[in-house]
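Engineer: need a 3D model of the following:
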Amino acid sequence: MYAASVDVRPEWPVLEQFAFPTLAKLSHPPPPAVDLAFVGALEQYDRSYDRVTPRSERALRRARRAAVAPRASADPVFARIAATPSPAKRVFVTDALLAVLMTAPRSVHGWDVTLTRSGNDLTVDARADSLADAPTVAETSPDPPPDDKESINGLQQLRVEAAAAQRDWVAQATLPADAAPPEPCAEPLPFAVPAGGAAPGPTAYRYRSFSLAGGGIEVVSRFDVDAVVHDKGERKLVSLRAMTEYDSKVTGVDWRQKLEAQRGAVLATELKNNASKLARWTAAALAAGVDLVKLAFVSRSHPRDPGAHTVLGTHTVKPKDFAAQIALSLDNCWGVAHALFDLGLRLPEGKYLLVRDANKPVMRLYGVPAGAFDEGDDDGVGCGDDDMVGDDDE
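Structural biologist: Below is the predicted model:
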């Protein structure tokens with residue numbers, strides 16, 4: 001039994017319930033994407049990581065970077081877009097949460113997101129202390145991690161560790177500015193850096209809209225674009241993602257022993273143990289329109305030390321090909337998104353909470369007070385992959 005991701009109050013009414021077998025049958029044609037804005041700057045991917053092996057492993061350095069990407073409700077670009085008149089009803093959501101909703105039927109652990117209905121808009125957010133947009137670890141494993149807050153291999157601790165590894169991999173896998181100057185996007189980053197915080201490294205965010213058929217719904221999402229590569233005259237956008245190994249005795253496959261000679265076995269184990277996470281990453285990459293995903297094999301330097309990691313290798317995939325490999329149906333992804341957003345946009349103005357039950361394959365939509373979850377929520381910054389700040393300089 002897993003603990004719920006949020007304390008649901010008895011006075012909150014249940015407005016709707018979604019059974020996963022029903023969600024798995026939904027379908028909607030993937031809508032074409034329209035680019036609305038591209039902000040920040042793109043760093044060059046460091047191709048030397050494509051040659052890393054367990055015998056030439058590289059330490060993963062702790063990266064200190066400002067947590068600049070706000071939640072959807074505090075994003076100034078979203079606010080600018082919302083101020084533009086539109087005949088459509090609009091949904092504003094970050095890529096991580098869009099992927100969480102799209103792939104909900106594949107999830108096992110509990111999570112929750114808030115929905116705020118205002119005028120013709122619906123905004124999807126993670127609570128300030130939520131891990132809804134952080135990567136899961138061994139979620140679909142036959143031997144999943146325990147919900148033990150005292151263990152370094154407990155469910156929540158592994159998610160925080162994986163989010164830190166993800167942040168560090170994104171910061172480390174690109175070339176320094178003196179070796180390859182970052183390529184500026186159409187606009188500079190519009191996000192404020194917290195007082196006393198470290199300056200953000202070059203980061204790019206792509207804003208895209210998707211018009212869903214039936215109901216006049218426009219989904220507006222912000223996508224992280226982590227790097228760029230130039231290959232034979234082609235400019236390719238790259239998503240960087242870190243897979244994490246915490247204890248080979250638990251997973252059954254030792255990356256240091258198997259990666260070079262039996263990479264297929266390692267990948268097969270990851271596809272089994274982390275089916276939900278890989279589906280999220282793939283759905284987000286497809287919607288973002290990136291060309292490549294660079295998956296890093298990141299392992300603890302020692303099984304008992306969750307604070308030190310090494311990169312043992314990388315694996316490059318094309319999002320469309322990888323979606324076929326993991327049997328991810330984009331029609332179903334958009335079918336689930338359409339159903340949830342259509343319901344949200346038919347609700348009266350107010351705040352709502354969508355909760356994935358921690359122990360049953362079902363989601364419930366609750367009505368909550370307007371000020372719910374606002375306490376201590378000062379900066380609007382979530383706790384997802386790129387929003388966690390390390391302790392040491394890179």
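
Engineer: what about the helices in this protein?
Structural biologist: 20-23, 76-82, 95-102, 155-172, 248-251, 255-258, 263-273, 275-288, 319-325, 330-346 (DSSP state H).

Engineer: just so I know, which of the ones you listed lies nearest Val220?
Structural biologist: With respect to Val220, and counting by CB to CB, the nearest of the helices of the chain is helix 76-82 at 5.8 Å. All C-beta atoms are positioned from the backbone trio N, CA, C, and that covers glycine.

Engineer: now for the closest one, which elements pack on it?
Structural biologist: Contact analysis of helix 76-82 by 3 or more CB pairs under 8 Å, 6 or more residues apart in numbering; DSSP states H and E lists strand 33-42, strand 89-94, strand 204-212, strand 217-225 as its packing neighbours.

Engineer: now it: average pLDDT?
Structural biologist: Mean per-residue pLDDT for helix 76-82: 97.

Engineer: who's in contact with it?
Structural biologist: When contacts are taken as CB atoms under 8 Å, 6 or more residues apart in numbering, the neighbours of helix 76-82 outside the stretch itself are 36-37, 39, 72, 90, 92, 121, 123, 190-191, 205, 207, 220, 222.

Engineer: TSV please, covering the helices and strands packed on helix 76-82 and showing mean neighbour count and mean pLDDT.
Structural biologist: What follows is the helices and strands packed on helix 76-82, written out as TSV (neighbours: other CB atoms under 10 Å; pLDDT from 0 to 100):
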stretch	mean neighbour count	mean pLDDT
strand 33-42	18	97
strand 89-94	24	98
strand 204-212	20	97
strand 217-225	23	97
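
Engineer: quick check: the gap between Leu23 and Asn332.
Structural biologist: Using CB to CB, to the nearest Å, one obtains 8 Å as the distance from Leu23 to Asn332.

Engineer: who touches both of the two?
Structural biologist: Common contacts of Leu23 and Asn332 (CB under 8 Å, 6+ apart): Pro105.

Engineer: how many neighbours does Leu347 have?
Structural biologist: Counted by other CB atoms under 10 Å, the residues lying close to Leu347 total 16.

Engineer: if we can go back for a sec, redo the helices and strands packed on helix 76-82 as CSV? Include distance to Lys360.
Structural biologist: Below are those laid out as CSV (distance: least, CB to CB, whole Å):
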stretch, distance to Lys360
strand 33-42, 34
strand 89-94, 25
strand 204-212, 28
strand 217-225, 28
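
Engineer: wait, which of these is closest to Thr316?
Structural biologist: Thr316 lies closest to strand 217-225 among those, at 15.9 Å (CB to CB).

Engineer: dump the closest one to PDB, restricted to CA.
Structural biologist: Extracted in PDB, the C-alpha atoms of strand 217-225 (Å, rounded to 0.1, in the frame of the first residue of the first chain):
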ATOM      1  CA  ILE A 217     -10.200  23.400 -27.400                       C
ATOM      2  CA  GLU A 218      -6.700  24.800 -27.800                       C
ATOM      3  CA  VAL A 219      -3.900  23.300 -25.700                       C
ATOM      4  CA  VAL A 220      -1.000  25.600 -25.100                       C
ATOM      5  CA  SER A 221       2.100  24.000 -23.700                       C
ATOM      6  CA  ARG A 222       5.700  24.900 -22.800                       C
ATOM      7  CA  PHE A 223       8.400  22.400 -23.700                       C
ATOM      8  CA  ASP A 224      11.900  22.200 -22.500                       C
ATOM      9  CA  VAL A 225      14.400  21.900 -25.400                       C
END
